[in-house]
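Enquirer: Give me a model of this one.
(2 chains)
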Amino acid sequence: MAAVKETVETVAALEKYEHGFTTDIAQEFAPKGLSEDIVRFISAKKDEPQWMLDWRLEAYRRWLELEEPTWAKVNFPKIDYQDSYYYAAPSTKEGPKSLDEVDPEILAVYAKLGIPLKEQEVLAGVEGAPRYAVDAVFDSVSVVTTFKKELAAVGVIFCSMSEAIREHPELVRQYLGSVVPTSDNYFACLNSAVFSDGSFVYIPPGVRCPMELSTYFRINAKDSGQFERTLIIADKGAYCSYLEGCTAPMRDENQLHAAVVELVLLDDAEIKYSTVQNWYPGDPETGKGGIYNFVTKRADCRGDRSKVSWTQVETGSAITWKYPSCVLRGEGSSGEFYSIAVTNGHQQADTGTKMIHLGANTKSRIVAKGISAGKSTSTYRGLVSAHPKAKGARNFTQCDSLLIGKTCAAHTVPYIEARNGQSVFEHEATTTRLSDDQLFYCQQRGLSQEEAVALLVNGFVKDVLQQLPMEFAVEAQKLVAISLEGSVG
Amino acid sequence: MLSIKNLHARVEDKPILKGVTLDVPAGEVHAIMGPNGAGKSTLSYVLSGRGGYEVTEGSASLNGEDLLALEPNERAAKGLFLSFQYPLEIPGVPALTFIRTALNAQRRARGEDEIAAPAFLKLAKEKAAALKIDFEMLKRGLNVGFSGGEKKRMEIFQMSMLSPKFLILDETDSGLDIDALKIVSEGVNALRSPERGMLVITHYQRLLDYIKPDKVHVLAAGRIVASGGPELALQLEAEGYDKYVSVAA
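Expert: All right, here's what the predicted structure looks like:
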């Protein structure tokens, strides 16, 4: 299999975390720490209307009253929220209007990461190859969004959240916080107060978005947090496929990434949301540094027969705390969650999903694959619930854990609540260890140890990789192998 | 071809092989028989390089090349194939993908070009038909949910696809009914050639009715205690291993 060979070569070529470089650019920071003044500062920087500032301030006041959650199976020293920058942006007078005005240093970063920002480069690619539009978020601001004109021609709005607040306030006011309310949880509340940038997507009724949409998040600044906010609205009968990718430099200090993603689906709408998360995981030997990835993602299937699918490949971050969820409100709506969570070194992941069945005949499907190696811990935590009106609700859950080595751990914590007698929930779970016998068997047939691990792991995650858009599936396959490098032997 | 000299090996602190000497020239099929615990499987694992076995003395070479210095996959690339007593299940990896990955890894290691997909599929169809393997089965996870007999047939299929120089069959007859035994034996016999050597490890004489050996050796308590022609297997079947166990002890 060519992919396996390529994977192994990629792994061999990389000693450590591939995206750990830093970039020296002139940056502008808010003063360190968090206060009402900082919230005002961020809002003013973005030239926001009064209603947005009021929304932020209310969230900030609520956040002060909330307690940091402790129920997740992760351990970390107490975060000093006053010891971080809440706004870091490349210095420019105003947001760049076109690619030519973006700092070449920043363009070089994206080139190095392999993210195409020049539309003509994408167009010059292989004929028939799928194209995708990119919103590039660098620390706290969106630096450029591609293919906006072509998308606008079919009525699709794809822009940064800051721009949406200025240009499409009616849509933002209607939907922002309607899926994840400001005081939903500690980190979502913090995000609501200080969120900087992220993507905004609106697909009008009946429109099938003509290309993949994607946002690429990059944390560069030291001691700063990233608080992105993404809002995607699929109007009646609309469809879009969206992908987010994330990387950060290698730093000894932990950095906080607290994002909120809200998806709104009206009747017959469909959204496929894929994530390839590769934040810096911390030093594999000492566990020092790395991103705290505390994220709230939720889809609200308001419309009948609407359909949402979350696919995530989580390989990075020191700590992952993330439960992309589906509120299945519309009759006959359906939600899917496909997840691969890889932990190695000292990483900790507590991730899963919530499928809230509110409407009749709603369906959900969960396939979660956890791979733990090194001294890492991986927990699947999921809730499937059916409310009294959700007659005929159906769920199928499959949770598989693969352990590599003897010093890692995997946990599965499923919560199931059926509050009517006409729901059918199925739950299957397995835990297996990558066995020396399997490795030897592959080696006896001619595969090197690295090739054997790559092949066995690819087999384990195949069901989920198939859900990703083709070119990202190949990327994800490599990423999984790289993350597990040196985990055997 | 295969040359083993005074081979000693242990697992942790327990010596299992205590001086095995054996030569299998190209073109010959040798059978190794012996009671449980004699070290038959250990011999196959030591030759193929499985971890956990420590060679304390002696040597083993294939066509003059020191096997013991090589990684298991390097030994495979040199042409050594072990048919497992208990073939492993590889979930999510179709048999065809598995074999093609293995074949290409071996070819790369030997400095050859990778096999092209059409040529590979053509070959796989031929070999599968010969072993009466349903081609659809090759698209499912390797050995996952297969019966004991199907797994053994899959081992022989892999063997014929990889076309190794030297074959070790470890208890290939175990778990096979008479029809499966015939098909598997035909598959093995088809691989007999003047350039190829085979070591057939078995507990029972039955398999040797189908795969006729040139020589039979008795392994007991970590040593070869008797060697002879095919008639030795029949004698063992009639008399049992008691005589040899007491000799070795």
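
Enquirer: going forward, measure contacts and count neighbours with C-alpha atoms only.
Expert: Noted.

Enquirer: wait, what's in contact with residue A:152?
Expert: Contacts for residue A:152 (CA atoms under 8 Å, 6 or more residues apart in numbering or on different chains) come out as residue A:158.

Enquirer: Without its sequence neighbours, what residue ends up closest to residue A:481?
Expert: Of all residues not flanking residue A:481 in the chain, residue A:454 sits nearest, at 5.7 Å (CA to CA, 6 or more residues apart in numbering or on different chains).

Enquirer: For that neighbour, give me the pLDDT.
Expert: The score at residue A:454 is 87. That number is its pLDDT.

Enquirer: So it: helix, strand or coil?
Expert: Taken by DSSP: H, G, I helix; E, B strand; the rest coil, the conformation at residue A:454 corresponds to helix.

Enquirer: Same question for residue A:205.
Expert: coil.

Enquirer: and if you look at residue A:460?
Expert: Assigned state for residue A:460: helix (three-state reduction, three-state DSSP).

Enquirer: how much space between it and chain B?
Expert: Computed as CA to the nearest CA, to the nearest Å, the residue A:460 to chain B distance reads 6 Å.

Enquirer: dump the residue contacts of that residue.
Expert: A:369, A:402, B:91, B:92.

Enquirer: between those, which has the most around it?
Expert: Highest neighbour count within these: residue A:369, with 26 neighbours (other CA atoms under 10 Å in any protein chain shown).

Enquirer: Where does that one fall, secondary structure wise?
Expert: strand A:363-372 (DSSP states H and E).

Enquirer: Please name every helix or strand in contact with the helix or strand that that strand is followed by.
Expert: Downstream of strand A:363-372, the next assigned helix or strand under DSSP H and E is strand A:377-386. Judged by 3 or more CA pairs under 8 Å, 6 or more residues apart in numbering or on different chains; DSSP states H and E, the packing partners of strand A:377-386 are strand A:334-343, strand A:348-357, strand A:363-372, strand A:409-418.

Enquirer: Nearest to chain B, out of these?
Expert: With CA to the nearest CA as the criterion, chain B lies closest to strand A:363-372 of these, at 12.6 Å.

Enquirer: how about the helices of the chain, start to end?
Expert: As the question left the chain open, I've gone with chain A. In chain A, the helices defined using DSSP state H lie at A:2-13, A:36-45, A:50-65, A:104-113, A:119-123, A:148-153, A:161-167, A:169-175, A:186-194, A:436-444, A:449-465, A:470-483.

Enquirer: meant chain B, my bad for not saying
Expert: B:40-48, B:72-77, B:95-109, B:117-130, B:148-162, B:178-190, B:206-210, B:231-239, B:242-248.

Enquirer: Give me the residues contacting the shortest one.
Expert: Helix B:206-210 is contacted from outside by B:173, B:181, B:182, B:185, B:186, B:233, using CA under 8 Å, 6+ apart.

Enquirer: Let's test this: mean pLDDT of it, rounded?
Expert: Helix B:206-210 comes out at a mean pLDDT of 91.

Enquirer: Check which residues of that helix are buried.
Expert: Judged by neighbour count using 16 or more other CA atoms under 10 Å in any protein chain shown, the buried positions of helix B:206-210 are B:207, B:208, B:210.

Enquirer: wait, which of the residues you listed is closest to chain A?
Expert: Taking CA to the nearest CA as the measure, chain A lies nearest residue B:207 of the buried residues of helix B:206-210, at 23.7 Å.

Enquirer: What number of residues are in the vicinity of residue A:440?
Expert: The number of residues packed near residue A:440 is 23, by other CA under 10 Å.

Enquirer: let me fix that: residue A:157
Expert: For residue A:157, using other CA under 10 Å, the count is 20.

Enquirer: Can you spell out which residues form a bridge with the residue lying closest to it once chain neighbours are set aside?
Expert: In this structure, residue A:157 finds its nearest non-sequential neighbour in residue A:202, 5.0 Å apart by CA to CA, 6+ apart. Beta-bridge partners recorded for residue A:202 (DSSP bridges): residue A:157, residue A:233.

Enquirer: Is chain B within reach of the strand holding residue A:369?
Expert: No. Judged by CA under 8 Å from any CA of the partner chain, strand A:363-372 stays clear of chain B, getting no closer than 12.6 Å.

Enquirer: Just checking: what are the partner strands of that strand?
Expert: Here, using DSSP bridges, strand A:363-372 pairs with strand A:334-343 (parallel), strand A:394-403 (parallel).
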